[in-house]
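Student: Here is the input, now give the coordinates:
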Amino acid sequence: MSSPPLQPAPCLAPRSAFFVGLLLLVLWGPSEVRCQNDTEPIVLEGKCLVVCDSTPSAEPSGNALGMSVRSGTGRVAFSAIRNTNHEPSEMSNRTMTIYFDQILVNVGSHFDPARSIFVAPRKGVYSFSFHVVKVYNRQTIQVSLVLNGWPVISAFAGDQDVTREAATNAGLVMMERGDKAYLKLERGNLMGGWKYSTFSGFLVFPL
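Tutor: All right, here's what the predicted structure looks like:
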């Protein structure tokens, strides 16, 4: 005796499927919503940044799912070079600030070319690198990346047998909004100029 043919499972109409899904979301609640991890950002169409927080605060800026939305247009980057070989100015001799006279990149306009100082537009982790050349100078130089008046990264150049040598270094620093970063000559002098020197930085990610 043959078995009765199997009947196909009934299909839900699109409208019914929508309401069933909505009902399941309400029953499960927001506790079932998860990101890939607690800190991984997700870029949507290059327009916004959605970050899931497993411990959302009670601030009204959040929502029931513990997600915060940030603007994806806050790009920050700069790169400056020394294009002339002039002697240090009176201001440079007094403050020992290393100045740059040509801007290659200044996205967001947060690098002040007149003072050669970068001002952080927001709290975050920033990357900086520098390459300061000394020319025909037998003195050892020490160059520091200065954050709000305090040196945080330093480099030295002191070979007396070469006509050109560079103090080079790079690193990540955490900055608050309004913090200032610049290069300072801590030791020696740059008599003869510092042409071909560079100073660059960019925002790695906001906090």
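Student: Just the pLDDT at Gly29, thanks.
Tutor: pLDDT, Gly29: 51.
Student: from here on, count from 259
Tutor: Sounds good: first residue 259 from here, last item Gly287.
Student: From Val404, how far out is Leu448?
Tutor: Distance of Leu448 to Val404, given as Cβ to Cβ, to the nearest Å: 16 Å. All C-beta atoms are positioned from the backbone trio N, CA, C, and that covers glycine.
Student: With Arg340 instead?
Tutor: With distances taken as Cβ to Cβ, Arg340 is found 17 Å from Val404.
Student: can you give me the helices in this protein?
Tutor: 272-286, 348-353 (DSSP state H).
Student: Can you flag the weakest of those by average pLDDT?
Tutor: Among these, helix 272-286 carries the lowest mean pLDDT, a mean of 55.
Student: Not counting its neighbours along the chain, what's nearest Gln353?
Tutor: Rather than Gln, residue 353 is Thr. Spatial nearest neighbour of Thr353, excluding adjacent residues (Cβ to Cβ, 6 or more residues apart in numbering): Lys442 at 7.8 Å.
Student: Run through the chain and note the low-pLDDT ranges.
Tutor: 259-331, 344-351, 395, 418-421 (pLDDT under 70).
Student: let's see 90
Tutor: Filtered on pLDDT under 90, the chain yields the residue ranges 259-332, 341-354, 391-399, 414-424, 445-454.
Student: if we can go back for a sec, neighbours of the residue nearest to Thr353, how many?
Tutor: 16 (other Cβ atoms under 10 Å).
Student: Could you do Asp417 as well?
Tutor: Neighbourhood size, Asp417 [other Cβ under 10 Å]: 12.
Student: In space, what's closest to it - neighbours in sequence excluded?
Tutor: Of all residues not flanking Asp417 in the chain, Glu423 sits nearest, at 5.1 Å (Cβ to Cβ, 6+ apart).
Student: which residues does Asp415 contact?
Tutor: To be clear, residue 415 is Ala; Asp isn't right here. Counting by Cβ atoms under 8 Å, 6 or more residues apart in numbering, Ala415 touches Val390, Lys392, Thr398, Ile399, Val401, Glu423, Ala424, Ala425.
Student: How much space separates it from Met432?
Tutor: Counting by Cβ to Cβ - Ala415 and Met432 are separated by 27 Å.
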